[in-house]
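**Q** below are the sequence and a predicted model; questions follow.
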Amino acid sequence: MRQPLYHELASWYRLVDPPRDHEDEAVCFRAAFERAMEKPETLLELGAGAGHNALHLKAHFRCTLADISPQMLALSRALNPECEHVVGDMRTLRLGKLFDAVLIHDAIMYMTSESDLHAAVRTACAHLRPGGALIVAPDCTRDSFVEYVEHQHESEGARTLHLTMWQWDPDPSDDTFVTEFALLMRDASELKAVHDRHVTGLFSLATWRKVFESNGLGVEMIARPIGDEKYDEVFLCKKPLA
């Protein structure tokens, strides 16, 4: 399913997901990588989107940023011109080189089947040097999922965005849930209303661990700051040296 938010509405994305909101978790990711290995220097981010994680990580790593959306990568190039950018699907991308660290942020949520999840983790492993580390940061798991509604207001120049995001699960028996985005976008005197539905994956902790371990990775949970002095848990995986 093509999401307008990542394509024809991409120019609005910085209002939907301000880069400042990624700073605290980027500090967390950097600390976890540095704890997992000695002096990591290179980082591949799969599903890098508009480059908001890389903005806070590029001072510490040589970053290669991959995403399936050319429009989102264009935003990232403007923000992170010193980083390498590659258009590619995290399920199939093969760059033919290895990195000290691999990061998959919330783009992992668009893996809606266990086979997709395996494919994304295989891609990460194919690009990870022995002894390297992988962080995977889903928004939630089946174990932590809750339905909620969130409202947001952002302005920049002549543009103003009002956003309502509703996360719900129409069918608890399957491996997906739905996030409904209702966007009111005003650019000077022009007003546009858009409804954008995102179907994303929802897997149990047991399934996540099975996927990582079946790909030869050791896995532990780390605490990630999510604002308002709250934390959730994401996955830190280690590739064996041999």
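**A** Nice, I can see it.

**Q** so residue 241 sits in a helix?
**A** No - Residue 241: not assigned to a helix; according to DSSP: H, G, I helix; E, B strand; the rest coil it is coil.

**Q** pretty sure it sits against residue 132.
**A** No - at 9.6 Å, residue 241 does not count as touching residue 132 under the criterion of CB atoms under 8 Å. Just so you know, the C-beta spots here come from the backbone N, C-alpha and C atoms, and that holds for glycine as well.

**Q** so between the two, which is more surrounded?
**A** Counted by other CB atoms under 10 Å, residue 241 and residue 132 do not tie: residue 132 has more neighbours, with 26 against 8.

**Q** which residues does whichever helix or strand the more buried one is part of contact?
**A** Assigned by DSSP states H and E, residue 132 belongs to strand 128-136. With CB atoms under 8 Å, 6 or more residues apart in numbering as the contact definition, strand 128-136 has outside contacts at 29, 32-33, 36-37, 40, 98-104, 108, 121, 124-125, 208, 217, 222, 234-242.

**Q** among those, the buried ones, what's the ChimeraX command?
**A** Restricted to buried positions by 16 or more other CB atoms under 10 Å, the ChimeraX selection for the contacts of strand 128-136 reads:
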select :29,32,33,36,37,40,99,100,101,102,103,104,108,121,124,125,208,217,222,234,235,236,237,238,239
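
**Q** which ones among the contacts of strand 128-136 lie within helices?
**A** Taking DSSP state H as the definition of helices, these contribute 29, 32, 33, 36, 121, 124, 125, 208.

**Q** count the residues that sit near the residue nearest to residue 63 when sequence neighbours are not counted.
**A** Spatial nearest neighbour of residue 63, excluding adjacent residues (CB to CB, 6 or more residues apart in numbering): residue 83 at 4.4 Å. Neighbourhood size, residue 83 [other CB under 10 Å]: 21.

**Q** what do you get for residue 69?
**A** Residue 69: 22 neighbours (other CB under 10 Å).

**Q** roughly how far apart are the residue of the chain positioned farthest from its centre and residue 163?
**A** Relative to the centre of the chain, the most outlying C-alpha is that of residue 189, 33.3 Å out, by CA atoms, centre = their mean. Distance of residue 189 to residue 163, computed by CB to CB, to the nearest Å: 20 Å.

**Q** done for today, thanks.
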